[in-house]
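# here is a sequence with its predicted model. Questions after.
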There are 2 protein chains.
Amino acid sequence: MGYVKWSYDTLNTFCHDVFRKFGFNEEETNIIKDVLLTADLYGIESHGMQRMVRYDKGIEKGTIHPDAKPEVVFETPVSAVIDGHDGMGQLISHFAMEKAIEKAKKTGVGFVSVRNSNHFGIAGYYAEMASKQGLLGMACTNSEAIMVPTFGRKAMLGSNPIAVAMPAEPYPFLFDCSTTVVTRGKLEMYNKMGKPLPQGWALGANGQESTDAPDVLANIVAKKGGGIMPLGGNKEVNGSHKGYGYGMLCEIFSSIFSMGVTSDKCCTFKDKTGICHGFAAIDPAIFGNADDIRAHFSEYLETLRQSPKAEGAEQIYTHGEKEVFAEKERRENGIPVNDNTMVELANLCNYLKVDFGSYFKGYELPKDSKFFSGNY
Amino acid sequence: MGYVKWSYDTLNTFCHDVFRKFGFNEEETNIIKDVLLTADLYGIESHGMQRMVRYDKGIEKGTIHPDAKPEVVFETPVSAVIDGHDGMGQLISHFAMEKAIEKAKKTGVGFVSVRNSNHFGIAGYYAEMASKQGLLGMACTNSEAIMVPTFGRKAMLGSNPIAVAMPAEPYPFLFDCSTTVVTRGKLEMYNKMGKPLPQGWALGANGQESTDAPDVLANIVAKKGGGIMPLGGNKEVNGSHKGYGYGMLCEIFSSIFSMGVTSDKCCTFKDKTGICHGFAAIDPAIFGNADDIRAHFSEYLETLRQSPKAEGAEQIYTHGEKEVFAEKERRENGIPVNDNTMVELANLCNYLKVDFGSYFKGYELPKDSKFFSGNY
């Protein structure tokens, strides 16, 4: 299967109309589609348009309650706990991060911990909500268990991404990474290509390293054991306990502080996923002159980018730089969407009674696709 | 060279008397020695007694100003910036963390960023100052550049450890790790053993992987390029950019927020190192009932420890558990001190006019040692 490119405007209109059809109001729709399309603009395909069908499935299965509204269940001038009541992760998270920002603007810091939410898309989106307002932003989420702790053989933590964004010139710092060595999407990619997994990624059901992508994925689905290694691999010699530790930090700010569901139990319920998030916003002005701090940081980032490169390396990046380049290129030349995703979207349109062809004019679905099968 | 074991009381008395001789008052002495000996009790030899001589060297060279007092140069109800005026790192850091705790007890959170300090020992000590009072504690520090950013060949970040401690039963969570894959001490250990470095640790002067310990260490000392890889190695496929990112987070909370010296410039001055730290304390009560949160966290930690083990693995640890076991064992059976360190301490005693033999009765210095050479 190949890729087809669509303009940002095309995808924006399409996403808008689809989420309106799901029953979300205009404001809610705009939030959800902005989170998704930002991932596509940043080149993070796994968290963009291709997720639309998964959200649809969640709504159908009853783990996502589209009408639920987030509720503040505990609050102080510097913090809040939000119960998402199993609504759309993007809406709960946008609400939570706005609360963190509001508090940071008043007191200097805002910490918000969220329970009973759902998949929220890219963590970096929420961190950037803060950095766009001159603040340091942090966002993290737990998820269905996929990370096997050091010396274990059962997945007990999620991919547990942590994102931190901080204003800088000429573009912000944006660190957004899972605390596993890779995400499940990467394993699926190797599986599709029929290639063995790289060393240091995954564990078989017995807790030993495995490069057998189909076997590892089958075990994950069947919850037979194994999963993905923490950042640092599965041995202390390369720092496995460190990745496992960062995964724990994510868990503390999401499921622990909110008294929510820990990753080992996420997605084991019929009527909810239980996914939890953590958000924080910190005003650099609590440390002095925010402009001076921003300039000091920008200078260090530039020094890093200009530092001597390894033999054969083309560029030293600072975090978030690739996303800036990707967005510029994709806004100019279009966003590539996988044919598989196009098929899924066509099926979704059929289900929602949306005219697929009116958005994607001239596009022909692959002949072997399961269009109209309803089986998505 | 071998190891000799001494009781905690013996080392405690010795350290006390030595730091008093350096001119530190009783209160200061107790802080410094407690930071050092906690490292030895925890089994982190690299940051314990064997560091005494390095502090002495710093005082002699003039990069540590023993009389300097930390000064609060900026403050809000939730934050402070401290100028350490190049004093002892432990004293500045203890002062800074106490301030963070004081603020957290009043407002719920306290962030303190420190500039112009010196090596502060183990980051975990300060994080635990908070967790011992029921708070989540965070401590981090930058250092002389040793981490080569992804695709680089020059060290631009320090080992940049981040420590987080959080109360739990039956023992606290304590995560304390460098954001490099390993610390320089580990490279030195392999060098002493004459063994090649493990894969995924170090880079040669050209920025390519090297397992040649003497060459890597010589290049680091001569600042010819190369250094240690970030957690995740030197390739994106295993998450190099993630370790580099965590190193950046440490830099933001230490050198950036304090407007201090970034790691690329640390330890390049005659009269200071410029080392910066970051500290935070967060009261779990800002998220609800602190006892409930503690119980929820303790339960998750226990679930992790009891989860199925990899084939051949003996135990799944939670962070800080090894330190608890090490402390118990060492308080009962003594703390092992390397003969090399004993020789250094003997020289230090000679310099300070302290009677080495009166503390370490019956100990004979190795015959080939440089005792009394003054060359330490």
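Looks like it came in fine.

# so the residue nearest to A:Gln133 when sequence neighbours are not counted, which of the three states?
Leaving out its chain neighbours, the residue that sits closest to A:Gln133 by CB to CB, 6 or more residues apart in numbering or on different chains is A:Ile101, at 6.0 Å. (Glycine included, C-beta is placed from N, CA and C.) Recorded secondary structure, A:Ile101: helix (DSSP: H, G, I helix; E, B strand; the rest coil).

# now A:Pro336
strand.

# what's the burial count for it?
The tally of other residues near A:Pro336 (other CB atoms under 10 Å in any protein chain shown) stands at 15.

# which ones are touching the nearest residue to it once chain neighbours are set aside?
Nearest residue to A:Pro336, sequence neighbours excluded (CB to CB, 6+ apart): A:Tyr3, at 4.0 Å. The contact partners of A:Tyr3, by CB atoms under 8 Å, 6 or more residues apart in numbering or on different chains, come to A:336-339.

# from the residues you listed, which is closest to A:Leu203?
Distance to A:Leu203 across these (CB to CB) is lowest for A:Asn338, with 27.8 Å.

# right, and that closest one touches A:Glu45 too?
Yes. Using CB atoms under 8 Å, A:Asn338 is in contact with A:Glu45, at 7.2 Å.

# between those two, tell me which one has more neighbours.
Comparing A:Asn338 with A:Glu45 by other CB under 10 Å, the one with more neighbours is A:Glu45, at 19 against 15.

# point to the residue nearest the middle of chain A.
A:Ile122 (2.7 Å; CA atoms, centre = their mean).

# per-residue pLDDT, that residue?
What the model reports as pLDDT for A:Ile122 is 97.

# again with A:Asp67
96.

# likewise the one 4 residues further on?
In this model, A:Glu71 is scored at 98, pLDDT.

# wait, isn't it in contact with A:Val81?
No. A:Glu71 is beyond contact range of A:Val81, at 9.6 Å (criterion: CB under 8 Å).

# so which other helices or strands are in contact with the helix or strand containing A:Phe297?
Assigned by DSSP states H and E, A:Phe297 falls within helix A:290-305. Helices and strands touching helix A:290-305, by 3 or more CB pairs under 8 Å, 6 or more residues apart in numbering or on different chains; DSSP states H and E: there are none.

# and for whatever helix or strand comes next after it, what's in contact with it?
Per DSSP H and E, the first helix or strand lying C-terminal to helix A:290-305 is helix A:321-333. Contacts with helix A:321-333, where a contact means CB under 8 Å, 6+ apart, come from A:5, A:8, A:40-44, A:124, A:171, A:174, A:305.

# could I have the buried ones of these as ChimeraX selection syntax?
The following ChimeraX line selects those of the contacts of helix A:321-333 that are buried, judged by 16 or more other CB atoms under 10 Å in any protein chain shown:
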select /A:8,40,41,42,43,44,124,171,174
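
# and the contacts of helix A:321-333 as a markdown table, adding secondary structure?
Below are the contacts of helix A:321-333 laid out as a markdown table (three-state DSSP):
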| residue | secondary structure |
| --- | --- |
| A:Lys5 | strand |
| A:Tyr8 | helix |
| A:Asp40 | helix |
| A:Leu41 | helix |
| A:Tyr42 | coil |
| A:Gly43 | coil |
| A:Ile44 | coil |
| A:Gly124 | helix |
| A:Tyr171 | coil |
| A:Leu174 | strand |
| A:Arg305 | helix |
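
# number of nearby residues for A:Ser210?
18.

# name the spans of chain A whose pLDDT lies under the cut-off.
A:1, A:369-376 (pLDDT under 70).

# in it, which spans are strands?
A:3-6, A:71-76, A:79-83, A:109-117, A:136-141, A:162-166, A:173-177, A:202-203, A:209-210, A:227-228, A:275-282, A:335-338 (DSSP state E).

# could those go into a markdown table alongside distance to A:Glu329?
What follows is the strands of chain A, written out as a markdown table (distance: least, CB to CB, whole Å):
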| stretch | distance to A:Glu329 |
| --- | --- |
| strand A:3-6 | 11 |
| strand A:71-76 | 40 |
| strand A:79-83 | 36 |
| strand A:109-117 | 32 |
| strand A:136-141 | 25 |
| strand A:162-166 | 21 |
| strand A:173-177 | 17 |
| strand A:202-203 | 31 |
| strand A:209-210 | 36 |
| strand A:227-228 | 30 |
| strand A:275-282 | 30 |
| strand A:335-338 | 10 |
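
# which of those strands sits closest to A:Cys250?
It's strand A:136-141; of those, that one is closest to A:Cys250 (CB to CB) at 4.3 Å.

# is chain B within reach of that closest one?
Yes. Against chain B, strand A:136-141 shows contacts by CB under 8 Å from any CB of the partner chain at A:Leu136.

# thinking again about what came up before, and A:Glu71 and A:Val81? Which one has more around it.
Taking other CB under 10 Å, A:Glu71 and A:Val81 do not tie; A:Val81 has more neighbours (23 against 14).

# what sits against that one?
Counted by CB under 8 Å, 6+ apart, A:Val81 has contacts A:72-75, A:112-115, A:257-259, B:287-288.

# any idea how far A:Leu197 is from B:Asn234?
19 Å (CB to CB, to the nearest Å).

# ok, the two, which is more surrounded?
Each of A:Leu197 and B:Asn234 has its neighbours counted (other CB under 10 Å); B:Asn234 has more, 27 against 21.

# lovely, talk soon.
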